[in-house]
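**Q** Sequence first, predicted model second:
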Amino acid sequence: MQSSPIRPSAPASPLRFAVTALLLAALATSQACSTPPGADELAEARRRGRASYLANCAPCHGVDADGHGPQGELLDSQPRDYTDPQWRSAATRASVRAAIADGVSGTAMPAWDLLPEQEIDDLTTYVLSVAEQGPRVDGVD
Ligand code: HEC
């Protein structure tokens, strides 16, 4: 009986290698997308967050993110010092994001819900990074 030309034991053809390589590449790409953001991506988010921070937040929170912006000094409840490690260890991504998106009631902190979601995420990344990496970002300041 004659065997099928595409039986499993057929010698591997160059085409078969190419197809396998393509499948592996596709798999690697799909895995890369589902992994948490890498260092480059975080640095980019911090950079975008710093730019938005300077435009929107520094008047109250200060260019050095220490709560000493020119408007902040005039407020009843002075903004916090984000360079303070004690503040940082109590803050979570969720708490900071919520403060930015919804504002802080009873204070001068407005809700920034008109900003795009991505920008609120970037601001959150920036604010959380200050205690460890400092307020300034190369190429933005
Ligand atoms: C009009 C002044 C003002 C502006 C502008 C402002 N804030 Fe605030 N913010 C405050 C005050 C006052 C508080 C309340 C005191 C505090 O918690 O720091 C506050 C609180 C916060 C908090 C909560 C801190 C905590 O953990 O309790 C975050 C986070 C924050 N602001 C981020 C931002 C960001 C990001 C921007 C810019 C998009 C911004 N703020 C713009 C005045 C301001």
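**A** Right, received. Where do you want to start?
**Q** Could you tell me which residues within stretch 131-141 count as buried?
**A** Using 16 or more other Cβ atoms under 10 Å as the test for burial, stretch 131-141 gives Ala131, Pro135, Val137. Using the backbone N, CA and C atoms, a C-beta is placed for each residue, glycine as well.
**Q** Okay, and which of the residues you listed map to helices?
**A** Assigned to helices by DSSP state H, the following of the buried residues of stretch 131-141 qualify: Ala131.
**Q** Save the buried residues of stretch 131-141 as a markdown table, and put in distance to the ligand and pLDDT too.
**A** Formatted as a markdown table, those follow (distance: Cβ to the nearest ligand atom, whole Å; pLDDT from 0 to 100):
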| residue | distance to the ligand | pLDDT |
| --- | --- | --- |
| Ala131 | 12 | 97 |
| Pro135 | 12 | 97 |
| Val137 | 14 | 96 |
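**Q** Go through the buried residues of stretch 131-141 and name the one nearest Pro85.
**A** Minimum distance to Pro85 across the buried residues of stretch 131-141 is 5.2 Å, recorded for Ala131 (Cβ to Cβ).
**Q** can you list the residues of the chain near the ligand?
**A** Residues of the chain lying near the ligand by Cβ under 6 Å from any ligand atom: 53, 56-57, 59-61, 71, 75, 77, 79-80, 91, 95-96, 99-100, 104, 107-109, 112, 123, 127.
**Q** cutoff 8 Å now
**A** 52-53, 56-57, 59-61, 67, 69, 71-72, 75-80, 82, 87, 90-91, 95-96, 99-100, 104, 107-110, 112, 115, 123-124, 126-127 (Cβ under 8 Å from any ligand atom).
**Q** Next, the contact list for Gly62, please.
**A** His68, Gly69, Gly72, Pro79 (Cβ atoms under 8 Å, 6 or more residues apart in numbering).
**Q** Among the residues of the chain next to the ligand, the buried ones, what's the ChimeraX command?
**A** This is how ChimeraX selects the buried members of these, with burial counted by 16+ other Cβ under 10 Å:
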select :52,53,56,57,60,61,67,69,72,78,79,80,82,91,96,99,100,109,112,115,123,124,126,127
